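K.L.:
next come a sequence and a model predicted from it.
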Amino acid sequence: MPEAIAKLNYFRMSPRKVRMVAKIIKGLPVNYAERQLMFYNKKAAKALLKLLKSAIANAKNKGYDSKDLYVEKIVVNEGPHLLKRFYPKARGRVGRILKRMSHIEICLGKIENMPLRKKEQKNKQDSQKLITQTS
């Protein structure tokens, strides 16, 4: 269950470009994610940083400390193509230009509920095997 959620709708950028930046911060603690976005040189990073700060503020209003949170889920969906443009092509035909939009949603969760990565799971299983073999 997410502790805090923030949404940004109708962001005027292609979802493909936004997802590229969103992948970087997924699963990171909030303070590391914030630092990553501050120094990432993409237009989407600025919007995601603002959205992340909004999610942190939502969590603080609920009584959570920002040190105990991580980026649980970040979803970038395609918005409507409200801005449609056309350009002329050969033989009187028309080429379409779709100005794409994105809907972004960030969910923050508690670090205690954070799932282990594959390497950490394997190390934990190996250590449990050693404990059972020695006893």
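P.N.:
On my side now, so go ahead.

K.L.:
what about Ala6, helix or strand, and which?
P.N.:
Using DSSP states H and E, Ala6 falls within strand 4-11.

K.L.:
phi, psi for Leu28 please.
P.N.:
Per-residue torsions, Leu28: phi -90, psi 150 (degrees, to the nearest 10).

K.L.:
just the pLDDT for the nearest residue to it once chain neighbours are set aside.
P.N.:
Excluding its sequence neighbours, the residue lying closest to Leu28 (Cβ to Cβ, 6 or more residues apart in numbering) is Val71, at 5.6 Å. In short, each C-beta sits where N, CA and C put it, glycine included. Here, the pLDDT recorded for Val71 equals 94.

K.L.:
now Ile5: closest residue in space that isn't a chain neighbour?
P.N.:
Nearest residue to Ile5, sequence neighbours excluded (Cβ to Cβ, 6+ apart): Cys107, at 5.2 Å.

K.L.:
thinking that neighbour is in contact with Met1, fair?
P.N.:
No - assessed by Cβ atoms under 8 Å, Cys107 is found out of contact with Met1, at 9.3 Å.

K.L.:
what's the helix or strand Arg16 falls within in contact with?
P.N.:
For Arg16, the element it lies in under DSSP H and E is helix 15-25. Outside helix 15-25, the residues within contact range by Cβ atoms under 8 Å, 6 or more residues apart in numbering are 11, 33, 36-37, 40, 42-45, 47-48, 52, 71, 74, 76-79, 100, 102, 104.

K.L.:
let's see it at 7 Å
P.N.:
11, 33, 36-37, 40, 42, 44-45, 48, 71, 74, 76-78, 100, 102, 104 (Cβ atoms under 7 Å, 6 or more residues apart in numbering).

K.L.:
ok, which stretches of this structure are helices?
P.N.:
Assigned by DSSP state H, the chain shows helices spanning 15-25, 30-39, 43-62, 118-134.

K.L.:
figure out which of those is closest to Arg93.
P.N.:
Closest approach to Arg93 among the helices of the chain (Cβ to Cβ): helix 15-25, 26.3 Å.
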